[in-house]
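Student: My questions are about this predicted structure, shown below with the sequence.
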Amino acid sequence: MPFALASPWMMAAMKLSFSTRPDGVIDVDLGPGWAGLTETLLDAVSSRAPRGSDGQNPSTYWIDRCLTALDAAPGGAEALLLEGNATELWLIADLVVARSAYDTFDDEAVARSDFVAILGSWRREVEEATRA
């Protein structure tokens, strides 16, 4: 499957922004060129507290799970990081790949280090909101 790859110059082209829903969930948006990766982040990761928890929105739970999965993945291997209802996040070598389970978008890939930076920015946004 074809990838849309992020490189240092491509990361600058990502328009990372956040918005808050009425229920407190903070959504991330990477801009129009990254619709598949944005969809995967909102589906497979999200800032929603896990079901059955007493936690309130927003929560870093799923962001932290994704970061932990990245840390635990063996170098150079292919590993499923997280999956949502309709999307999956894969680590393939040094790329994080967003995949649609139903082929609604082509795979989109970003360097692992860039992906960690995206999650870090999102996590900081969630932490700031929980302190407010």
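Tutor: Thanks, I have the structure now.
Student: List the contacts of the closest residue to Ser47 other than its chain neighbours.
Tutor: Spatially, and ignoring its direct neighbours in sequence, Ser47 is nearest to Pro58 (4.0 Å; CB to CB, 6 or more residues apart in numbering). C-beta: built from backbone N, CA, C; applies to glycine. Contact analysis of Pro58 by CB atoms under 8 Å, 6 or more residues apart in numbering lists Thr20, Gly24, Val25, Ile26, Ser47, Arg48, Ala49, Val126, Ala129, Thr130.
Student: separation between the last one and Asp94?
Tutor: Counting by CB to CB, to the nearest Å, the gap from Thr130 to Asp94 is 32 Å.
Student: Could you do the fourth one as well?
Tutor: Plainly put, Ile26 is 28 Å away from Asp94 if you go by CB to CB.
Student: about what we covered before: now for the contacts of Pro58, which pair is the farthest apart?
Tutor: Thr20 and Ala49 (14.3 Å; CB to CB).
Student: The two: which is more packed in?
Tutor: Ala49 (19 against 15; other CB atoms under 10 Å).
Student: you'd agree that one is up against Ile63?
Tutor: No - with contact defined as CB atoms under 8 Å, Ala49 does not count as touching Ile63 (11.6 Å).
Student: Thr130 and Asp94: which is more packed in?
Tutor: Per other CB under 10 Å, whichever of Thr130 and Asp94 has more neighbours is Thr130, with 15 against 11.
Student: So the more buried one: helix, strand or coil?
Tutor: helix (DSSP: H, G, I helix; E, B strand; the rest coil).
Student: Can you give me the separation between it and Thr60?
Tutor: For Thr130 relative to Thr60 (CB to CB), the value is 8 Å.
Student: What is the burial count for Glu88?
Tutor: Glu88 has 18 nearby residues by other CB under 10 Å.
Student: Now for it: which residues touch it?
Tutor: Contacts of Glu88 (CB under 8 Å, 6+ apart): Thr40, Ala44, Leu80, Leu82, Ala98, Arg99, Ala101.
Student: Report the buried members of those residues.
Tutor: Neighbour-count burial (16 or more other CB atoms under 10 Å) applied to the contacts of Glu88 gives Thr40, Ala44, Leu82, Ala98, Arg99.
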